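Asks: requesting a structural model of the entry that follows:
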Amino acid sequence: MQKDVLIVGGGISGITVGNELAQSGISTLLIERESALGGLAASFCCKASESCNQCFACVVDKRVSEIRSGSSFSVLTGTELTGLTGEPGAYTVSLKKGTERMDLKISAIVIAAGVDPFDASRKAEYGYGRFKNVITARDLDEMLRLRGKLFRPSDGKLPGTVAFFQCVGSRDESIGNLYCSQVCCAYALRLIKAIRYQYPEIKAAFLYMDIQPAGASFGQFLNSCRQDNGIRLIRSLPSKVYHSPLSDSLKVRLTDPVKGGVVEELFDLIVLSVGMVLRKESNSLARLFGLNFNEEGFFAPPPAQTGIFVAGACSGPKDIDRSIIHSKSIACAVRQYLKGRS
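Replies: Got it, this is the predicted structure:
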């Protein structure tokens, strides 16, 4: 087999690069080790309330649907990269799909490996994995997408009060992740607005360190959250969660910025806004391609003359919108690289 470009990763970043290159007539193959395309973002629900809240989950669904109906570039799912030889502009990669093995000659490679959510069980003080009614934002996203409703995992009932904890796995020296994941604030607030729109009787608390802006219209969106009487924005990160076995409620200990002391509050459900981390299998890609890591632990961009490029959130935390923008710029760089070698 021979292609101009190999894309490793079938999330929104890899798909975007593939579409951009295909529109330029560049022969491209995208491989994805999972059985389906879309990556992490494919599990996200639409977070529209009274209007679109620009979560871009629908964009991922649309792009994946377009590929299913007939893509302008080649796609192999359930496929792993097992080897690399050659030199810039003349690489040979070895691929494995089930029991089938194949070699592919290519000129350039784009790594779009994506990210994983932080493992919330590492923050033992919050009780994830021990208390049924402590879930992650991704768990909530999948609950709304797949089940179409909000409920407490312990009893299936609608919670009356929900607390969202920010910066779980980000900006935390105790676990070694000092960076801001950048997307969690807007992500959680969009979930809160979507929940409040569907269930106006629910009261939500948003506990944060500081709020990271996201996009030109975020200020207006944030103001709408502040004006909602059912949403409390509390600048305080909780220290511990306790479980009440009689009611399955959760007691949260936090510093009250108004009262200036430590208080305890009861909530029916706690949602942990977990940060982004590079996928574990990315270490094998780093060894194979000789990639370095930046100070935040994500892929550092290799020199352009290598013909190897890094796209999307695996180069640093990005939401769907910014991943698409970054991937388009990477596709442009790939085109320039191929043009320079022709």
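
Asks: list the buried residues in stretch 43-63.
Replies: Within stretch 43-63, the residues that count as buried by 16 or more other CB atoms under 10 Å are 43-45, 47-49, 53-57, 59-60, 63. No exception for glycine: its C-beta is placed from N, CA and C like everyone else's.

Asks: hang on, I meant stretch 310-329
Replies: 310-324, 326-327.

Asks: cool, stretch 121-138 as well?
Replies: Those would be 122-123, 126-128, 131, 133-138, for stretch 121-138 by 16+ other CB under 10 Å.

Asks: which two of the buried residues of stretch 43-63 have the greatest separation?
Replies: Using CB to CB, the buried residues of stretch 43-63 span at most 23.6 Å, a distance reached by S49 and R63.

Asks: what's the domain layout of the chain?
Replies: Residue ranges for each domain of the chain read 5-114+279-341, 118-275, as given by automatic domain parsing.

Asks: the stretch 151-300 of the chain: strands as residue ranges?
Replies: Ranges of strands in the stretch 151-300 of the chain, per DSSP state E, counting those that start in this stretch, are 161-168, 203-207, 231-234, 240-244, 249-256, 261-267, 269-274, 276-278.

Asks: which neighbouring elements make contact with the last one?
Replies: Right, the one you point to is strand 276-278. Contacts defined by 3 or more CB pairs under 8 Å, 6 or more residues apart in numbering; DSSP states H and E place strand 276-278 against strand 115-117.

Asks: and the strand it packs on, how far out from the chain's middle?
Replies: 6 Å (CA atoms, centre = their mean, to the nearest Å).

Asks: can you list contacts of it?
Replies: Applying CB atoms under 8 Å, 6 or more residues apart in numbering, the set of residues contacting strand 115-117 from outside is 40, 136, 138, 169, 274-280, 298, 313-314, 317.

Asks: burial measure for E295, as a count.
Replies: 8 (other CB atoms under 10 Å).

Asks: what residues sit buried inside stretch 246-264?
Replies: For stretch 246-264, burial by neighbour count (16+ other CB under 10 Å) applies to 248-250, 252, 254.

Asks: what mean pLDDT does it have?
Replies: What stretch 246-264 shows for mean pLDDT is 86.

Asks: likewise stretch 109-125?
Replies: 95.

Asks: repeat for stretch 6-25
Replies: Over the span of stretch 6-25, the pLDDT mean works out to 95.

Asks: show me the contacts for I308.
Replies: 88, 108-111, 289, 291, 302.

Asks: distance from the chain centre to stretch 322-339, please.
Replies: Relative to its chain's centre, stretch 322-339 lies at 20 Å (CA atoms, centre = their mean).

Asks: which residues touch S24?
Replies: By CB under 8 Å, 6+ apart, the residues touching S24 are R335.

Asks: residues in contact with Q305?
Replies: P88.

Asks: okay, now A163: neighbour count?
Replies: Quick note: A163 (other CB under 10 Å) scores 26 neighbours.

Asks: that one and L254, how far apart?
Replies: Separation of A163 from L254 (CB to CB, to the nearest Å): 9 Å.

Asks: overlap of the contact sets of these two?
Replies: Residues touching both A163 and L254 by CB under 8 Å, 6+ apart: 207, 238, 265.

Asks: are any of those buried, and which?
Replies: Applying 16+ other CB under 10 Å to those flags 207, 238, 265 as buried.

Asks: G9 reaches E80, doesn't it?
Replies: No - using CB atoms under 8 Å as the test, G9 is too far from E80 to be in contact (11.6 Å).

Asks: so for those two, which sits in the more crowded spot?
Replies: With neighbours defined as other CB under 10 Å, G9 and E80 compare such that G9 has more, 27 against 16.

Asks: just the closest of the buried ones among the shared contacts of A163 and L254 to L222, please.
Replies: Nearest to L222 among the buried ones among the shared contacts of A163 and L254: L207, at 15.4 Å, using CB to CB.

Asks: residues in contact with the closest one?
Replies: By CB under 8 Å, 6+ apart, the contact set of L207 is 163-166, 234, 236-238, 254.

Asks: please name the bridge partners of S74.
Replies: Note on S74: beta-bridge partners L29, judged by DSSP bridges.

Asks: for whichever strand or helix holds I7, list the C-alpha coordinates in CSV.
Replies: Using DSSP states H and E, I7 maps to strand 5-8. Taking Å, rounded to 0.1, in the frame of the first residue of the first chain, the C-alpha atoms of strand 5-8 are listed here in CSV:
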residue,chain,number,x,y,z
VAL,A,5,-0.2,10.8,4.7
LEU,A,6,-1.0,8.5,7.6
ILE,A,7,-3.2,9.8,10.4
VAL,A,8,-3.0,8.0,13.7
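
Asks: may I have the strands that pair with it, each with its orientation?
Replies: Sheet pairing of strand 5-8 (DSSP bridges) gives strand 28-32 (parallel), strand 108-111 (parallel).
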